[in-house]
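Enquirer: What follows is a predicted protein model with its sequence.
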Amino acid sequence: NFDLRVQQASSFIKNNFLEESLTQYDLEILERSRSKRIYLSRQNVKRRKIINHERFRGILIQHGFMEINPEMMSFKAMNILINRGELFVGVNGAALTNMLFLDDRSSAKLAILYPNTHIDDYFYRMAKALGIDFIGAWETKEKRLSMSLEVCIREYYYPSVSTSFEVDLDHFTDFIRRLI
C-alpha cells in the first residue's frame with residue numbers, strides 16, 4: 001500500500017535523521033523565520049529554474065512568504081522550519097519531499113508549480129498519503145489556472161525535466177490570492 005509506505009518513510013526519517021547539529025546557516029534561517037508561508041526555492045540548483053524569479057519572488061514576499069533554499073539546510077533545520085509552516089509553495093522538485101517532516105498535516109497546504117516540461121504525480125500522491133491539501137498549477141498558453149493533477153497528467157506529457165521556465169506573474173498572483 002503506497003499510503004502506508006509513505007507514512008512509514010516519514011516516521012523513519014523523523015526518527016533517524018534529526019540528531020545532527022544545526023549549522024550557522026540553519027540558525028540564521030530559523031532565527032528570521034516568522035512566516036507560516038514558505039517558498040522552497042530552486043534557484044540554486046541546476047535545472048527547472050524560474051526565469052523571471054526576482055519578480056516571482058517579490059510577489060511571494062508581498063504575500064508574506066519566506067524564501068528558503070532547502071539544499072543548504074540540515075534535515076533537523078528543515079524539520080523545525082517545515083513544522084512552523086502551513087502553506088508551502090515550490091517548483092516541482094526534490095525539495096518538496098520535505099513534507100515528510102510535517103507533524104500536524106491537517107492544516108498544511110502544498111502548492112506546486114509544474115513547468116510544462118515536467119508534470120507528474122509524485123508529490124500529489126505523497127501529499128494525499130500524508131493528508132496534506134495539494135494544489136497543482138502550471139503554465140501553458142491554453143490554461144494558466146490550477147486544475148486537478150489527474151486532468152493535468154492526462155492532458156500533458158513531460159519531454160524534458162531540465163527546462164527553466166517563465167511564470168505568468170498576473171495569473172500567479174491570482175493563484176496565490178486564492179490560496180491565502
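Expert: Received the coordinates, thanks.

Enquirer: Could you measure from the residue most central in space within the chain over to Glu54?
Expert: Nearest to the mean C-alpha position of the chain, by CA atoms, centre = their mean, lies Gly90 at 3.3 Å. To Glu54, Gly90 is 17 Å away according to CB to CB, to the nearest Å. From N, CA and C alone the C-beta is placed, and that goes for glycine too.

Enquirer: Ok, Gly64 next?
Expert: Distance from Gly64 to Glu54, by CB to CB: 18 Å.

Enquirer: try Arg177
Expert: On the measure of CB to CB, Arg177 and Glu54 end up 20 Å apart.

Enquirer: pLDDT averaged over the helix ranked longest in the chain - what is it?
Expert: The helix that spans the most residues within the chain, counting by DSSP state H, is helix 2-16. Here helix 2-16 scores 89 as its mean pLDDT.

Enquirer: same for that helix, what does it pack against?
Expert: Packing partners of helix 2-16 (3 or more CB pairs under 8 Å, 6 or more residues apart in numbering; DSSP states H and E): helix 122-130.

Enquirer: What are the boundaries of the strands in the protein?
Expert: Counting by DSSP state E, the chain has these strands, from start to end: 37-40, 65-68, 87-91, 109-114, 133-138.

Enquirer: next one: stretch 44-54 to chain centre, how far?
Expert: Remark: stretch 44-54 is offset 14 Å from the chain centroid, using CA atoms, centre = their mean, to the nearest Å.

Enquirer: Could you pull out the buried residues of it?
Expert: Neighbour-count burial for stretch 44-54, counted by 16 or more other CB atoms under 10 Å, picks out 48-50, 53.

Enquirer: residues in contact with that stretch?
Expert: Residues outside stretch 44-54 that contact it (CB atoms under 8 Å, 6 or more residues apart in numbering): 41-43, 56, 69, 71-72, 91-93, 113, 115, 118, 161-167, 169.

Enquirer: how about a cut-off of 10 Å?
Expert: Residues outside stretch 44-54 that contact it (CB atoms under 10 Å, 6 or more residues apart in numbering): 41-43, 56-58, 67, 69-72, 91-95, 113-115, 117-118, 160-169, 172.

Enquirer: again, but for stretch 171-180
Expert: So stretch 171-180 is contacted by 37, 50, 52, 55-56, 59-60, 62-65, 86-87, 89, 109, 111, 113, 133, 135, 137, 139, 143-146, 167-168 (CB under 10 Å, 6+ apart).

Enquirer: doesn't Asn69 make contact with Gly90?
Expert: No: counting by CB atoms under 10 Å, Gly90 stays clear of Asn69, with 11.1 Å between them.

Enquirer: what residues are shared contacts of those two?
Expert: With CB under 10 Å, 6+ apart, Gly90 and Asn69 have common neighbours 39-42.
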